[in-house]
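In: Build me a model:
(chains A and B, ligands or ions: 2)
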Amino acid sequence: MALVEVRSVTKRFHKGDETITPLDGVSLDIDEGEFISLMGASGTGKSTLLNLIASIDQPDNGTITIDGTQITGLSRTRLAAWRAGGIGYIFQTHNLVPVLTAWENVELPLLLLPMSAAERRTRIDIALRAVDLSDRANHYPRQMSGGQEQRVGIARAIVAHPRVVVADEPTGDLDPQTSTQILHLLQRINRELNVTMLMVTHDPEAAAIADRQFRLDHGKLVQVSVPEPAGTGSGEI
Amino acid sequence: MLRFVPYILKTLWRHRSRTALTVSGSAVALFVFCFVAAIQQGMDDLQERQSAKGTLIAFQANKFCPATSHLPQDYDSQIARLNGVKDVVPVQVFTNNCRASLDVIVFYGVPADRIQSARDFQLVTGSWSEFESHQDSAVVGRSVATRRGIKVGDKFSIGDISVNIAGIFRSSDPGEENYIYSHLDFLQRTRGANLVGTVTQLEVLLEPGADPDALCREIDDTFRGGPVETDTRAKGAFQAKSLGDLVQLINMARYLGYACVGLVLALVATTTIMSVEDRIREHAVLQTLGFSGPRVFGIVMTECMILSFAGGCLGVGTALLVLKVSSLSVAAEAVAVAFSPSLGVALSGLTVSVFAGAIAGIAPAIHAARTEIVPALRHT
Ligand SMILES: Nc1ncnc2c1ncn2[C@@H]1O[C@H](COP(=O)(O)OP(=O)(O)O)[C@@H](O)[C@H]1O
Ligand SMILES: [Mg+2]
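Out: Ligands and ions are numbered 1, 2, ... in the order given. You can find the predicted model right below:
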């Protein structure tokens, strides 16, 4: 059984008289430890699909099951509890809480879980070390560069050991060099920590680091690559 | 919720000028609220204490200011003969100001050997024997002493009266601490011409169980048609009548108190709404991380209540301090109402601030808790 099972999911938006159907009967299986990338032109529904899997949005039809829990149909409060331990979300614009330090930002999701202060500390230290920011723990977001902020965002997404981490254009705001660093970081986290990852990107190079690549087109999901034996995306230019 | 307090405090600190303005605004409102509550407390004290005591005051009929009431002093023996009367104390009153004022000096002239039985005074400094052995000596209430900077051994003069201060007393009745007590015959003589033999009023102490209303009527009937008619009332009623319009004013001040509560509410609500509007996206991010609606609600409510409680503490604290130090009172026709800065006043001020904070926070907190995550995240 796949870790994430998306079954015939449809999502519609109404804008006045117009109905947009960015997702039209989409199905997708993601195995534990897999790295999936999702491409598509702007406005095709990539974020919408990602948000459904992250359970911050609900489909009009279809079901999504993660690790045996059918998350479509849970109440708002149950969903929030599920997200706390089950989902890590990496935003395009990192969305750190500006009044909190890097350390406190990473701590936020852990405050929702039953955990001793000592264990919290250990987890935060490990997460910050994983993104190589131990020396910036007490810095505020405004004192950090875009790449550093995004790394804090990544640490915050993985600190609770979620079942799935989703990333919505995590390098969209960054310069090419920093983007490459972030992509490597995501890849490392996927491999070394065995974190299941779903990444939306419009950059084919970025998409290529994934195990499988998908493309959204007119409401349908199309797989654009089969799993390749070891090798990185950079070799395919 | 405790573990989120650092986050809440940091959020408040981030907008420190807004926070400071809201806190000081609420503080000013609660300062006023405490003043109103304190004077109201003083009024309640006055009426409760005196009517419970079973004391009547006989005054000259149709006179209002103590300066114009002149009862023959020998009425006391006639009243003392009535059934239910325990004792009658003749009192000469002198005041520098008959109208409503914040700084009235009131002299009560009472037979020197009767003060201690008619009142519950305890000397803070000075001695009773010193007072009793000198005609021109006086004991002063703590509040007057503080207000006028009077010490034992001082000479205190007002108008044509000049007394030597033999002691400073405190009383369970804060109103009493605004008076100066001197010898009856001294006050009768110093005021010049024909006051010897007359007093301003007679204080009638009743036996337990005596009917005050019936005795008031009986006393007034006794002197009806005589050279000077009396108007006798229970001491509480007498004081309320003396204070007259002041009672109405003080009761009206109640609305000032309500207005202050409204002010705190409006201030804190405005700030909280602004803070929630500022952070629609932040709240959506928190929800994405797994914060539930109720948790976001709690965070906003806590923020709001910290704001108004901080304002409450500041306002109540300052008000109590100022009231304590200034020993304020208002008086009219020689009856003083003390601003009583009691624990009850402080508690009601703090309670008001907490409740105002809670009420002000509910709408914005619900708004924040109900934020639709995806639209809020798309919102830039
Ligand atoms: N909350 C919403 N209300 C109305 N339309 C929306 C909403 N969210 C997304 N859409 C529309 O759905 C389509 C897909 O959006 P999105 O998933 O954000 O696209 P992508 O991430 O691929 O750029 C777009 O046309 C967008 O305008
Ligand atoms: Mg998008």
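In: Just want to check the distance between the closest residue to chain A within chain B and ligand 1.
Out: With C-beta to the nearest C-beta, the shortest gap between chain B and chain A falls at B:Gly290, namely 2.7 Å. Glycine gets a C-beta too; all of them are placed from N, C-alpha and C. For B:Gly290, the distance to ligand 1 equals 21 Å [C-beta to the nearest ligand atom, to the nearest Å].
In: surely that residue meets A:Arg83?
Out: Yes. Using C-beta atoms under 8 Å, B:Gly290 is in contact with A:Arg83, at 4.2 Å.
In: just to revisit the earlier point, count of residues packed around the residue of chain B closest to chain A?
Out: 25 (other C-beta atoms under 10 Å in any protein chain shown).
In: Pull the contacting residues for the residue most central in space within chain A.
Out: Nearest residue to the geometric centre of chain A (C-alpha atoms, centre = their mean): A:Val166, 1.3 Å. Each residue near A:Val166 by C-beta atoms under 8 Å, 6 or more residues apart in numbering or on different chains is listed here: A:50, A:53-54, A:87-90, A:197-200.
In: 10 Å - rerun?
Out: If a contact means C-beta atoms under 10 Å, 6 or more residues apart in numbering or on different chains, then A:Val166 has A:4, A:36, A:38, A:47, A:49-56, A:87-91, A:157, A:196-200, B:288 as its contacts.
In: One more: B:Thr146?
Out: Counted by C-beta under 10 Å, 6+ apart, B:Thr146 has contacts B:140, B:168, B:177, B:324-328.
In: Run through chain A and note the low-pLDDT ranges.
Out: Scanning chain A for pLDDT under 70 picks out A:225-237.
In: who in it is up against ligand 1?
Out: By C-beta under 6 Å from any ligand atom, the residues of chain A that approach ligand 1 are A:13, A:15, A:20, A:22, A:40, A:42-48.
In: Residue 135: neighbouring residues, count only.
Out: As the question left the chain open, I've gone with chain A. 9.
In: Chain B was what I was after
Out: Applying other C-beta under 10 Å, I find that B:Gln135 has 14 neighbouring residues.
In: is residue 87 in a bridge, and if so with what?
Out: Just going to use chain A. A:Val164 (DSSP bridges).
In: ah, no, chain B please
Out: Going by DSSP bridges, B:Asp87 forms beta bridges with B:Leu205.
In: what about it, how many neighbours?
Out: 16.
In: Around ligand 1, which positions in chain B sit nearby?
Out: B:374-375.
In: Please repeat the previous calculation with a cut-off of 5 Å.
Out: Within chain B, the positions near ligand 1 by C-beta under 5 Å from any ligand atom are B:Pro375.
In: Show the residue spans covered by the strands in chain B.
Out: Here chain B has its strands, by DSSP state E, at B:55-60, B:71-72, B:85-95, B:106-110, B:122-126, B:137-141, B:155-158, B:161-170, B:179-183, B:198-199, B:201-206, B:230-234, B:329-332, B:335-338.
In: any chance of these in a markdown table, with mean pLDDT too?
Out: Output for the strands of chain B, formatted as a markdown table (pLDDT from 0 to 100):
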| stretch | mean pLDDT |
| --- | --- |
| strand B:55-60 | 92 |
| strand B:71-72 | 92 |
| strand B:85-95 | 91 |
| strand B:106-110 | 93 |
| strand B:122-126 | 93 |
| strand B:137-141 | 95 |
| strand B:155-158 | 90 |
| strand B:161-170 | 93 |
| strand B:179-183 | 95 |
| strand B:198-199 | 92 |
| strand B:201-206 | 93 |
| strand B:230-234 | 92 |
| strand B:329-332 | 84 |
| strand B:335-338 | 86 |
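In: Would you mind giving those strands as a markdown table with distance to B:Ile250 added?
Out: Putting the strands of chain B into a markdown table (distance: least, C-beta to C-beta, whole Å) gives the following:
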| stretch | distance to B:Ile250 |
| --- | --- |
| strand B:55-60 | 20 |
| strand B:71-72 | 29 |
| strand B:85-95 | 19 |
| strand B:106-110 | 18 |
| strand B:122-126 | 28 |
| strand B:137-141 | 20 |
| strand B:155-158 | 26 |
| strand B:161-170 | 24 |
| strand B:179-183 | 19 |
| strand B:198-199 | 29 |
| strand B:201-206 | 23 |
| strand B:230-234 | 19 |
| strand B:329-332 | 8 |
| strand B:335-338 | 7 |
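In: To A:Arg188, which of those lies closest?
Out: The closest of those to A:Arg188 is strand B:335-338. By C-beta to C-beta, the value is 75.3 Å.
In: Please point out which parts of that closest one sit buried.
Out: Within strand B:335-338, the residues that count as buried by 16 or more other C-beta atoms under 10 Å in any protein chain shown are B:335-338.
In: Quick check: B:Val28 touching B:Val264?
Out: Yes. Taking contacts as C-beta atoms under 10 Å, B:Val28 lies within contact range of B:Val264: 9.5 Å.
In: quick one: which of those two has more around it?
Out: B:Val264 (29 against 19).
In: OK, contacts around that one?
Out: B:22, B:25-30, B:33, B:307-308, B:311-312, B:315, B:352-353, B:355-357, B:359-360.
In: Can you flag the buried ones in those?
Out: Buried among the contacts of B:Val264 by 16+ other C-beta under 10 Å: B:22, B:25-30, B:33, B:307-308, B:311-312, B:315, B:352-353, B:355-357, B:359-360.
In: Skipping adjacent residues, who's closest to A:His94 in space?
Out: Of all residues not flanking A:His94 in the chain, A:Gly153 sits nearest, at 4.0 Å (C-beta to C-beta, 6 or more residues apart in numbering or on different chains).
In: if I look at the one you found, how far off is chain B?
Out: Applying C-beta to the nearest C-beta, to the nearest Å, the value for A:Gly153 to chain B is 10 Å.
In: which helix in chain A runs the most residues?
Out: Longest helix of chain A, by residue count under DSSP state H: helix A:176-192.
In: which parts of that one are buried?
Out: Quick answer for helix A:176-192 (16+ other C-beta under 10 Å): A:178-180, A:182-183, A:185-187, A:189-190.
In: and chain B, which of those residues contact it?
Out: When contact is defined as C-beta under 10 Å from any C-beta of the partner chain, the buried residues of helix A:176-192 do not meet chain B at all.
In: Okay, strands next: where are they in chain A?
Out: A:4-15, A:18-30, A:35-39, A:61-66, A:69-70, A:87-90, A:164-168, A:196-200, A:212-217, A:220-223.
In: want to throw those strands into CSV with distance to B:Gln239?
Out: Formatted as CSV, those follow (distance: least, C-beta to C-beta, whole Å):
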stretch, distance to B:Gln239
strand A:4-15, 73
strand A:18-30, 78
strand A:35-39, 84
strand A:61-66, 77
strand A:69-70, 74
strand A:87-90, 71
strand A:164-168, 75
strand A:196-200, 80
strand A:212-217, 85
strand A:220-223, 87
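In: quick one: which of these is nearest B:Asp221?
Out: Of all the strands of chain A, strand A:4-15 comes closest under C-beta to C-beta, at 89.2 Å.
In: That closest one pairs with which strands?
Out: So strand A:4-15, judged by DSSP bridges, has these partners: strand A:18-30 (antiparallel), strand A:61-66 (antiparallel).
In: Now do the last one and strand A:196-200, the angle between them.
Out: Orientation check (axes from the mean of the first three to the mean of the last three C-alpha atoms, to 10 degrees): strand A:61-66 against strand A:196-200 gives 140 degrees.
In: Report the buried residues of strand A:61-66.
Out: Per 16+ other C-beta under 10 Å, strand A:61-66 contains these buried residues: A:62, A:64-66.
In: before we move on, the earlier item: surely the residue nearest to A:His94 and A:Ala167 touch.
Out: Yes. Using C-beta under 10 Å, A:Gly153 makes contact with A:Ala167 at a distance of 9.0 Å.
In: Much appreciated, bye for now.
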